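Asks: Following is a predicted model, sequence given first.
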Amino acid sequence: MTTSFAHITLWPQHSMRRKPNPVARWLVMAFTFLMLAPVLLVLPLRAAEKAMPPSPELIAAEAALARAESADAQQYAADALLRARSSFGQAQAKWTERKKPDANLLAQMAAAEADYAYTLSREATLQSDLKQRRQEIRELRARLGIEGLGIEGQR
């Protein structure tokens with residue numbers, strides 16, 4: 001015959017109920033409170049320290065700085081780029097101090113300076129390219145012997 005769990009005898013269960021000890025209950029509650037009290041006090045402070053997400057003005061200023069740096073503004077418009085970086089750093093500092101209007105104004109100034117640096121850099125590179133193309137045209141004309149026909153607007 002196969003054995004099953006129904007055939008296993010159980011050990012007798014003893015009912016040993018303890019009477020609740022009020023002192024032990026209070027000790028457990030007191031130690032639990034003492035362990036949780038520092039955590040409960042620190043959580044609101046941590047929430048207050050949490051950094052605010054950047055404003056759209058700060059994001060735009062950072063993008064403008066990246067665009068200016070990618071256009072070699074360090075070489076062609078170093079002073080404007082330096083002013084933009086300085087304004088952006090001040091804007092970030094104001095933002096961490098939770099002075100939103102000042103931070104947004106400084107971020108807009110940084111974006112404007114970075115755009116100006118980008119424009120100066122683009123102008124310088126385009127002028128350089130134009131000068132190089134004109135020189136190439138002069139060389140080709142000299143090679144071909146075409147001297148009489150001039151390019152209008154040549155500098």
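Replies: Thanks, I have the structure now.

Asks: Check which helices and strands the helix or strand containing E69 is in contact with.
Replies: Taking DSSP states H and E as the criterion, E69 maps to helix 56-70. When contacts are defined as 3 or more C-beta pairs under 8 Å, 6 or more residues apart in numbering; DSSP states H and E, helix 56-70 packs onto helix 78-96, helix 100-144. For every residue, glycine as well, the C-beta is placed using N, CA and C.

Asks: average pLDDT across that helix?
Replies: Average pLDDT, helix 56-70: 94.

Asks: Can you name the residues in contact with it?
Replies: 54, 77, 81, 84-85, 87-88, 91-92, 95, 103-104, 107-108, 110-111, 114-115, 117-118, 121 (C-beta atoms under 8 Å, 6 or more residues apart in numbering).

Asks: What sits closest to S55 if chain neighbours are left out?
Replies: Distances taken as C-beta to C-beta, 6 or more residues apart in numbering put N104 closest to S55, at 5.8 Å, once the chain neighbours are dropped.

Asks: and A73, how many neighbours does it have?
Replies: 26 (other C-beta atoms under 10 Å).

Asks: buried sites along the helix or strand containing V23?
Replies: Assessed by DSSP H and E, V23 sits inside helix 22-49. Buried residues in helix 22-49, defined by neighbour count with 16 or more other C-beta atoms under 10 Å: none.
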